[in-house]
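Visitor: Fold the following and give me the result.
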Amino acid sequence: MSNSADSPDESTERSTDQSADRSTDRSADQSTEGAAVRRPALRPVRLLSAAVFALAGLIFVTSFNTAKGTNIRTDDSLLKLSDLTRQRSEKNKALEKSTGAVRSDVDALARRDDGSTRAEDAKLGALETAAGSRKLSGQALTVTLNDAPPGATANPGYPKPHPNDLVIHQQDLQAVVNALWQGGAQGIQIMDQRLISTSAVRCVGNTLILQGRVYSPPYTVTAVGDRGSLKRALTASPALQNYQLYVKAYGLGWKVDEHEAMTLPGYSGTVDLHYAKPVQQ
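Guide: As a prediction, the model looks like this:
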């Protein structure tokens, strides 16, 4: 036997130490692997939390910059815009009256000093009447259009209405005006303004904008002419026949009044034409 051989006790001790070292290393490796597995699970949660806080901060900053010390949850800005529109409309009305008075004075002076003959004056008067700048009197007919009553529902046999089915639209007013012209109207007035060749009937939302002024329903359209011809033209209009279906279905307003005599005012607004021009290079 060799003297270099280890004793049984030493071999047992070495085996025990090696097993303990391997167990310790294995436990450390498992702990390290477990930590490595757990860290990626925590990281997305932290990133998501940071993103939520960053987004909330961005919203707060944006709201602060937008509000600029005011309450953005109210309709004050819309109310101010409607008030401004109403004020401008009243101002335009006052300016039209002032312009009409000055124009009458100018016309009176022109007739006094122009030295024209009676024939020429008659020709000028006919042109002014055709242009709508002179008062016009005679038999008349007034058509009134109005939105459906609040909370209106469909009458039996008709489908449920959409919001647009319950209000007056631009094409409805245009259909009345066109039918009255076709029926031989000598002059037409919408609300308190006389129509001329350059008048445009425009609706924005549920309001009418006519020659710089704003109106709300009910809308009145008055025409001077033969009442029988005007009524027949209204009845024969395909567009108004379609409108009558909505009157029956949803209660849109429609009323026709006849007048033995009525005077329409002459147009007193500006007659200047405004149009786009190409940009000069």
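Visitor: helix, strand or coil for residue 221?
Guide: What DSSP: H, G, I helix; E, B strand; the rest coil gives for residue 221 is strand.
Visitor: show me the contacts for it.
Guide: Residue 221 makes contact with 142-145, 173, 176-177, 180, 188-190, according to CB atoms under 8 Å, 6 or more residues apart in numbering. Yep, even glycine has a C-beta here, placed from its N, CA and C like the rest.
Visitor: so where's the stretch 101-250 of the chain shaky on pLDDT?
Guide: Across the stretch 101-250 of the chain, residues meeting the criterion (pLDDT under 70) sit at 103-104, 106-115.
Visitor: Which members of the contacts of residue 221 are positioned in helices?
Guide: Among the contacts of residue 221, the residues falling in helices (DSSP state H) are 173, 176-177, 180.
Visitor: would you list these in a markdown table and tack on distance to residue 206 and neighbour count?
Guide: What follows is these, written out as a markdown table (distance: CB to CB, whole Å; neighbours: other CB atoms under 10 Å):
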| residue | distance to residue 206 | neighbour count |
| --- | --- | --- |
| 173 | 12 | 20 |
| 176 | 17 | 28 |
| 177 | 18 | 18 |
| 180 | 23 | 26 |
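Visitor: farthest-separated two in those?
Guide: Using CB to CB, the two most remote members of these are 173 and 180, lying 11.0 Å apart.
Visitor: just to revisit the earlier point, quick check: of the contacts of residue 221, which lies closest to residue 236?
Guide: residue 180 (11.9 Å).
Visitor: can you pull the contacts of the closest residue to the closest one other than its chain neighbours?
Guide: Closest residue in space to residue 180, ignoring its immediate chain neighbours: residue 223 at 4.2 Å, by CB to CB, 6 or more residues apart in numbering. With contacts defined as CB under 8 Å, 6+ apart, residue 223 is in contact with 140-142, 180, 183, 185-189, 230.
Visitor: Kindly report the same for residue 263.
Guide: By CB under 8 Å, 6+ apart, the contact list for residue 263 reads 135-137.
Visitor: Most neighbours among these, which one is it?
Guide: Among the contacts of residue 263, the one with the most neighbours (other CB atoms under 10 Å) is residue 136, at 21 neighbours.
Visitor: any idea how far the closest residue to it other than its chain neighbours lies from residue 138?
Guide: In space, and not counting its chain neighbours, residue 136 is closest to residue 187: 4.1 Å by CB to CB, 6+ apart. Distance, residue 187 to residue 138, using CB to CB, to the nearest Å: 9 Å.
Visitor: neighbour count winner among the two?
Guide: Shown here are residue 187 and residue 138; by other CB under 10 Å, residue 187 has more neighbours (26 against 17).
Visitor: Please tell me I have it right and the more buried one contacts residue 131.
Guide: No: between residue 187 and residue 131 there is no contact under CB atoms under 8 Å: 10.2 Å.
Visitor: returning to that earlier point: now tabulate the contacts of residue 223 in a markdown table and tack on distance to residue 88.
Guide: Below are those laid out as a markdown table (distance: CB to CB, whole Å):
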| residue | distance to residue 88 |
| --- | --- |
| 140 | 30 |
| 141 | 32 |
| 142 | 27 |
| 180 | 29 |
| 183 | 34 |
| 185 | 30 |
| 186 | 32 |
| 187 | 27 |
| 188 | 25 |
| 189 | 22 |
| 230 | 34 |
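Visitor: Give me the buried subset of those residues.
Guide: Buried residues within these, counting neighbours by 16 or more other CB atoms under 10 Å: 140-141, 180, 183, 185-189, 230.
Visitor: Need those residues in JSON lines (columns: distance to residue 60).
Guide: Shown next, in JSON lines, are the buried ones among the contacts of residue 223 (distance: CB to CB, whole Å):
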{"residue": "140", "distance to residue 60": "63"}
{"residue": "141", "distance to residue 60": "62"}
{"residue": "180", "distance to residue 60": "59"}
{"residue": "183", "distance to residue 60": "64"}
{"residue": "185", "distance to residue 60": "62"}
{"residue": "186", "distance to residue 60": "65"}
{"residue": "187", "distance to residue 60": "61"}
{"residue": "188", "distance to residue 60": "57"}
{"residue": "189", "distance to residue 60": "55"}
{"residue": "230", "distance to residue 60": "63"}
